[in-house]
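In: test case, fold it:
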Amino acid sequence: MIKIMDDLYFSSDRNDMDLGLIFNFLKKTYWGNLRTLEEQKKANENTLNFGLFKNGKQIAFSRIMTDKVFFAYVLDVFVIHDEQGKGYSKILMDYIMKDPELQKIDKWILATKDAHALYEKFGFEKIKKPEMLMEKLSDRAKKIYE
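Out: Predicted coordinates:
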């Protein structure tokens, strides 16, 4: 873990992540409410994990799906309710964007309903040519994204 200040730490070690906290938080979101614990565990195992920890407890999380060269997809960004509004999402995103393994990625992408202002601070913009993107949704994904 990397000490940020006083009692706040950052980690990119998957073993530091609190799977129970992550799963329970995501189960209450519009995008994660249909997941099972086993699915979340598998998702975490197959992506890079990032977290903020305060007083030894996890307060924020995100994961990145990437090939570490051409493409990265930002997923599951959250700060627990009691710690929201304190700038922790910005701190988490700043550490992610400065991660040495992610510095040469050509294209970053994410999906959000309501956090555009946060991601714009890190250079994210609306898709310039959405007609170039395609998607294939499972029946479960259609419930979330349509």
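In: drop to CA atoms for contacts and neighbour counts, all remaining ones
Out: OK.
In: what about the helices in this structure?
Out: Counting by DSSP state H, one finds helices in the chain at the ranges 19-26, 37-45, 88-97, 116-120, 139-145.
In: beta partners for the residue nearest to the spatial centre of the chain?
Out: Nearest to the mean C-alpha position of the chain, counting by C-alpha atoms, centre = their mean, stands Ser62 at 2.6 Å. Counting by DSSP bridges, Ser62 forms beta bridges with Phe50.
In: and if you look at Gln58?
Out: Beta-bridge partners, per DSSP bridges, of Gln58: Phe53.
In: list the contacts for Phe25?
Out: Ile80 (C-alpha atoms under 8 Å, 6 or more residues apart in numbering).
In: circling back to that earlier point, dump the helices of the chain to CSV, plus mean pLDDT.
Out: Listed next are these as CSV, based on pLDDT from 0 to 100:
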stretch, mean pLDDT
helix 19-26, 96
helix 37-45, 96
helix 88-97, 95
helix 116-120, 90
helix 139-145, 82
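In: returning to that earlier point: residues in contact with the residue nearest to the centre of the chain?
Out: Contacts of Ser62 by C-alpha under 8 Å, 6+ apart are 49-51, 74-78, 92.
In: by neighbours, which of these wins?
Out: Tallying neighbours with other C-alpha atoms under 10 Å puts Gly51 at the head of these, with 27 neighbours.
In: that older thread, nearest to Lys104, out of the helices of the chain?
Out: helix 88-97 (10.5 Å; C-alpha to C-alpha).
In: what's the closest one packed up against?
Out: With contacts defined as 3 or more C-alpha pairs under 8 Å, 6 or more residues apart in numbering; DSSP states H and E, helix 88-97 has these neighbours: strand 48-54, strand 57-66, strand 71-79.
In: Arg140 is nearest to which of those?
Out: Using C-alpha to C-alpha, the nearest of the helices and strands packed on helix 88-97 to Arg140 is strand 71-79, at 17.0 Å.
In: taking strand 57-66 as reference, get the angle to that closest one.
Out: 160 degrees (axes from the mean of the first three to the mean of the last three C-alpha atoms, to 10 degrees).
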